[in-house]
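Peer 1: predicted model and sequence follow; I will ask about them next.
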Amino acid sequence: MMRLSLLLVAGIVWAGAAGVFAAEEDGGDERGGDARGGYFDETQATTLFAFDEVSLPFSQNLKLVMRAPERHPANPVVKRGGAGDPDTWAVQFYGSVIRVGDVYRMWYVAAGEDRRDRSVPRSSPWRVAYAESRDGVHWTKPGLGLVEYAGNRKNNLVQVEPHMGILNVKVLYEPDDPDPEQRYKMGAHVWFPKNKVRLGTLATYASADGLRWKTLHAAKPVEAELQVEQMLLPPLHFEPVGGLYKWDGLYYVNGQNAIAASRPYHGRVVRQFISPDFKTWSQASTVGFVRPQQHTLLGPGRSREGEQNHEGVSVWNRGNVLLGISGIWHGGKEWKDVTVDLGFVVSNDGVRFRQPAHEWTFLKRGADGEWDQGGLLQGQGFENIGEQTFVYYGAWDPRNWQGSPPRGGVGIVTLPRDRFADLRVDDTTTGKGDYQMPVTTSEFLTAAISRTGDGPQQFFMNAEGLGPEARLKVELLSANAVPLPDYSGAQAAVVTASGFQTPLVWNGQTEVTGLPERYRLRVIFEGEQKTEIRFSAMYVRAK
């Protein structure tokens, strides 16, 4: 059997398995960095992103420029299996990637050739599979020896009891959960029968090791489908789990849904349910995100048409803010005209998501002939590795799905570390004729920030294009925007070096003590070459 330490997995070895998962504590530098580039984990800091207008509500003479990611040259980094494998037909990244110690762990949905066997219950062939990596790029499918498939156990299927067909899966890792059997939590899209069709709903599981899962509710499926009387949510069609996260003490699950809402919208909207314990779920829900076009109703029987969402929002929980990837559904009257791209959204309250840039496409589907042609899937996989941010995604071509060709794979797109967008000096004219005014300042002011603890606070800048003539001047202010004398004016911190985590220095010190319980920061773009500055983020950490 496997044993978990109270904080991190110390090691796992299982009988009959060809692979070994061993997670170790992170190494670090003197700033609390990790062993993969000397950077601290930004998820343990308060992050103020350039695109987050709630955290940075006031600005002057600055413009937001979103950054487009690049596809990794190794794509797809997880491919479909060979003949006889459980994922020979589909590697569907409605899944998760989580770093535990020095190992990246991936869960995805697999389907094999048995999906064509009419003697097999229709939902049964959809299963959860597992892969792992040491660098986030090169992945292996360990032989876990847990589930029999095609007459043997030499496969990478995780054990899910009881077995239900699973179309979408998201995993949370909570190493501090007092119950070691629930330190891994999984939300799954399963089916239930209604009026001779199958509809989507939620099932929940827990695990000590991420490989052996048991249901958290009294599920007794029939032919791999949940029965109505055992459902956690109302018996309506809901396709979870586009996203799964914990925020302000509550678990959230979201997905796509087109049922009636208190306010009418067209087509697939992002709907969310909540739970206090991952076992009991609310019967009431909220609409978490609606694209602008969905406020115009197209009428009944046209759910495939128009601009809509697709499969919820996958979420990167950054502690004080949620980053999300959403599906951009381009509808048509016929399936051959339907395509899907990926969008970018953000939330500061865990409930409502918004687009920081109107209808901006984060990632466009691949060209015809590419592995990700036609449509993309947003898995829940986000990792800062060295000087890059990795975002994992999947593929599904909706134009051909009825013809049932093999589908999927897992790909990566990259950005410079945490640089999803920049604030830059707006050097365009501000008006014409009598309305043209010289602009003398380029700056932004943060919302009030609550001090963490009573100890020293540290501040770090993520920006490029800096130098002697391209500076960022940073001042500390009270919550009501009064400059603090020891940290403003001539005593302000001045940053002239580009970097992902450049420490801010006031009065020769990188640690600030005696801050009020709530305070603000003002950041001023200075120098003759200030138009070269690209501000992406700022971090606040308690020492």
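Peer 2: Done, it's in.
Peer 1: going by C-alpha atoms from here, please, whenever you check contacts or count neighbours.
Peer 2: OK.
Peer 1: and the pLDDT at the closest residue to residue 320 other than its chain neighbours?
Peer 2: Using Cα to Cα, 6 or more residues apart in numbering and skipping residues adjacent in sequence, the residue nearest residue 320 is residue 46, 5.9 Å away. pLDDT for residue 46: 97.
Peer 1: for residue 46, give its distance to residue 537.
Peer 2: According to Cα to Cα, to the nearest Å, residue 46 and residue 537 sit 10 Å apart.
Peer 1: the two: which is more packed in?
Peer 2: Under the criterion of other Cα atoms under 10 Å, the comparison of residue 46 against residue 537 puts residue 537 first, with 23 against 20.
Peer 1: packing partners of whichever strand or helix holds that one?
Peer 2: Residue 537 is located in strand 534-542, with elements delineated by DSSP states H and E. Helices and strands touching strand 534-542, by 3 or more Cα pairs under 8 Å, 6 or more residues apart in numbering; DSSP states H and E, are strand 46-49, strand 421-425, strand 457-464.
Peer 1: any regions of the stretch 251-400 of the chain where pLDDT drops low?
Peer 2: Low-confidence segments of the stretch 251-400 of the chain, defined by pLDDT under 70: 258-261, 297-302.
Peer 1: taking the mean pLDDT, what do you get for the strand holding residue 537?
Peer 2: 97.
Peer 1: by how many degrees do that strand and strand 457-464 diverge?
Peer 2: An angle of 160 degrees separates the directions of strand 534-542 and strand 457-464 when computed by axes from the mean of the first three to the mean of the last three Cα atoms, to 10 degrees.
Peer 1: from residue 530, how far out is residue 213?
Peer 2: Distance, residue 213 to residue 530, using Cα to Cα: 54 Å.
Peer 1: quick revisit: so the residue nearest to residue 320 sits right up against residue 460, yeah?
Peer 2: No - look at residue 46 against residue 460 with Cα atoms under 8 Å: they stay out of range, at 10.4 Å.
Peer 1: are there residues contacting both of these two? Which ones?
Peer 2: Common contact partners of residue 46 and residue 460 (Cα atoms under 8 Å, 6 or more residues apart in numbering): 539, 540.
Peer 1: for residue 353, find the nearest of the helices and strands packed on strand 534-542.
Peer 2: Of all the helices and strands packed on strand 534-542, it is strand 46-49 that lies closest to residue 353, at 15.2 Å by Cα to Cα.
Peer 1: partners of the helix or strand just after the closest one, with directions?
Peer 2: Sequence-wise, the next helix or strand downstream of strand 46-49 (DSSP H and E) is strand 58-60. Using DSSP bridges, strand 58-60 pairs in its sheet with strand 443-445 (antiparallel).
Peer 1: what residues does the strand it pairs with touch?
Peer 2: Outside strand 443-445, the residues that reach it (Cα under 8 Å, 6+ apart) are 56-62, 520-525.
Peer 1: give me the number of residues near residue 244?
Peer 2: 28.
Peer 1: per-residue confidence for it?
Peer 2: pLDDT, read off for residue 244, is 98.
Peer 1: mind checking how far the nearest residue in space to it that is not next to it in sequence is from residue 451?
Peer 2: Among residues not flanking residue 244 along the chain, residue 253 sits closest, at 4.7 Å (Cα to Cα, 6+ apart). Computed as Cα to Cα, the residue 253 to residue 451 distance reads 30 Å.
Peer 1: what about the two, which has more around it?
Peer 2: Between residue 253 and residue 451, residue 253 has the larger neighbour count (other Cα under 10 Å), namely 27 against 18.
Peer 1: contact partners for the more buried one?
Peer 2: Taking Cα under 8 Å, 6+ apart as the definition, contacts of residue 253 comprise 187, 240, 241, 242, 243, 244, 245, 272, 273, 274.
Peer 1: repeat for residue 373
Peer 2: Residue 373 sits next to 365, 366, 367, 395, 396, 397 when contact means Cα under 8 Å, 6+ apart.
Peer 1: out of those, who's nearest residue 156?
Peer 2: Proximity of the contacts of residue 373 to residue 156 (Cα to Cα) peaks at residue 395, which lies at 20.4 Å.
Peer 1: what about residue 503, how many residues nearby?
Peer 2: 21.
Peer 1: so what's the residue count around the residue nearest to it when sequence neighbours are not counted?
Peer 2: Closest residue to residue 503 apart from its sequence neighbours, by Cα to Cα, 6+ apart: residue 460 at 4.4 Å. Residue 460 has 21 neighbouring residues, counting by other Cα under 10 Å.
Peer 1: do residue 497 as well
Peer 2: Neighbours of residue 497 under the rule other Cα under 10 Å: 19.
Peer 1: contacting residues for it?
Peer 2: With Cα under 8 Å, 6+ apart, residue 497 has these contacts: 464, 466, 467.
Peer 1: roughly how far apart are the closest residue to residue 464 other than its chain neighbours and residue 417?
Peer 2: In space, and not counting its chain neighbours, residue 464 is closest to residue 498: 4.4 Å by Cα to Cα, 6+ apart. Distance, residue 498 to residue 417, using Cα to Cα: 13 Å.
Peer 1: picking that back up, neighbour-wise, which of the contacts of residue 497 leads?
Peer 2: Busiest of the contacts of residue 497 [other Cα under 10 Å] is residue 466, holding 24 neighbours.
Peer 1: can you give me the end-to-end span of stretch 306-325?
Peer 2: Across stretch 306-325, the terminal residues are separated by 20 Å (Cα to Cα).
Peer 1: quick check: residue 65 touching residue 426?
Peer 2: No - using Cα under 8 Å, residue 65 is not in contact with residue 426, being 10.4 Å away.
Peer 1: report pLDDT for the residue nearest to residue 503.
Peer 2: You'll see residue 460 listed with a pLDDT of 98.
Peer 1: thought it was touching residue 535?
Peer 2: No - using Cα under 8 Å as the test, residue 460 is too far from residue 535 to be in contact (11.8 Å).
Peer 1: shouldn't residue 310 be in contact with residue 329?
Peer 2: Yes - taking contacts as Cα under 8 Å, residue 310 lies within contact range of residue 329: 5.6 Å.
Peer 1: overlap in contacts of those two?
Peer 2: Taking Cα under 8 Å, 6+ apart as the contact rule, residue 310 and residue 329 both touch residue 340.
Peer 1: what about residue 471, helix or strand, and which?
Peer 2: Per DSSP H and E: strand 471-478 holds residue 471.
Peer 1: the helix or strand that that strand is followed by: partners in the sheet, and parallel or antiparallel?
Peer 2: Downstream of strand 471-478, the first helix or strand assigned by DSSP H and E is strand 493-495. Sheet pairing of strand 493-495 (DSSP bridges) gives strand 471-478 (antiparallel).
Peer 1: span of stretch 191-202 from start to end?
Peer 2: Its first and final residues considered, stretch 191-202 spans 8 Å by Cα to Cα.
Peer 1: one more: stretch 224-234?
Peer 2: OK, stretch 224-234 end separation, Cα to Cα: 19 Å.
Peer 1: name the residues that touch that stretch?
Peer 2: So stretch 224-234 is contacted by 121, 123-124, 163-165, 190-193, 201-203, 217-221, 235, 280-283 (Cα under 8 Å, 6+ apart).
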